[in-house]
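# the following comprises the amino acid sequence and a computationally predicted model.
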Amino acid sequence: MEYKYILYEKAASFLAPEEENIGIITLNRPDSLNALSIGLLTELDNVLEEIRKENAIRSVIIIGAGRAFSAGNDLGESASETEEAQIRARMALGQKVFDKIETFDKPVIAAVNGYALGGGLELAAACDMRIASEKASFGNPEVNIGLIPSWGGCVRIPKLVGRAKAAQIILTGERIDATEAEKIGLVNKVVAPDELKSTATYLAGQLATKAPIAMRLAKNILSKSMEISIEEGNKMMVEGGLTCAKSDDIMEGISAFFEKRTPKFKGK
């Protein structure tokens, strides 16, 4: 599939150099700081569906071209949308795509190389893990122009950093740097700018070696972990554990463990 606003490439992990098992999505509107237009969001939705069908791809990285991850919603585009139906459609599309990332059946890493503001931060928050450049900055400045984060930020960010810190980020509209973002748990790791993509690829490569069925089931439970009781979680873990126990992957994993080799999971 041809894309106008994103780039999609495949990469091999360090543990399986013979396999292209990592999908790398680059937000490619650098002149607008990768602002999230309807076109870009639609292409992001489409490429995720493409990746979902590619069994060889086991993990995904999202990164931005140029000096930003994403500066958020394309305000120039959205300013022309004055009808309620148009406004609802934009919010629904962003929510649909970010929900898809959060519940995607393969792990997704945000490699934040610069500004992650507004919808850009909401996009990063929907990913499973976030690696940040030392030059990255984060914020939800929507209140400064009379808006609220509407693509999941008001719900996802408190789950990552706690309600008090989320309130500080969302209600003040202030930016925080990468060091502070790591301190409060918004990002997993901060690295030098020239190490960002290699670090994200290294992590994606590790994830790509894990059993796909187990990864999918664990992600599903993790995505619900802040809403469900331990009793509900236990039931989900029992059913997930049984599914794993019946898979071919578990036999491969056990064999590889005793043979002291890297397992070759097939997702079956």
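Perfect, I can see it now. Residues are numbered from 1 along each chain as shown.
# for the stretch 151-268 of the chain, which segments are assigned as helices?
153-161, 163-172, 178-183, 196-208, 212-224, 230-245, 248-259 (DSSP state H, counting those that start in this stretch).
# quick one: buried residues of the last one?
Buried positions in helix 248-259, judged by neighbour count with 16 or more other CB atoms under 10 Å: Asp249, Ile250, Glu252, Gly253. Every C-beta, even on glycine, is put in place using the N, C-alpha and C of the backbone.
# how about the longest strand anywhere in the chain: buried residues?
Ranked by number of residues, the top strand in the chain under DSSP state E is strand 16-27. Neighbour-count burial for strand 16-27 flags Ala16, Glu19, Glu20, Asn21, Ile22, Gly23, Ile24, Ile25, Thr26, Leu27 (criterion: 16+ other CB under 10 Å).
# could you do stretch 143-162 as well?
Under 16+ other CB under 10 Å, the buried positions of stretch 143-162 are Leu147, Pro149, Ser150, Trp151, Gly152, Gly153, Cys154, Arg156, Ile157, Pro158, Leu160, Val161.
# in space, what's closest to the most centrally placed residue in the chain - neighbours in sequence excluded?
Nearest residue to the geometric centre of the chain (CA atoms, centre = their mean): Cys127, 2.1 Å. In this structure, Cys127 finds its nearest non-sequential neighbour in Ala110, 4.0 Å apart by CB to CB, 6 or more residues apart in numbering.
# coming back round to it: can you say which two of the buried residues of helix 248-259 are spatially most distant?
Ile250 and Glu252 (7.3 Å; CB to CB).
# shared neighbours of those two, anything?
Common neighbours of Ile250 and Glu252, counting by CB atoms under 8 Å, 6 or more residues apart in numbering, are Ala211.
# follow-up on the earlier one: nearest to Arg175 among the buried residues of strand 16-27?
Looking across the buried residues of strand 16-27 and measuring by CB to CB, the closest to Arg175 is Leu27, at 19.2 Å.
# hang on, the closest one packs against Phe69?
Yes. Counting by CB atoms under 8 Å, Leu27 sits close enough to Phe69 to count as a contact (7.3 Å).
# shared neighbours of those two, anything?
By CB under 8 Å, 6+ apart, the residues touching both Leu27 and Phe69 are Asn34, Ile63.
# quick one, phi psi at Arg29?
phi -130, psi 60 (degrees, to the nearest 10).
# once you drop chain neighbours, what's closest to it?
Tyr5 (5.6 Å).
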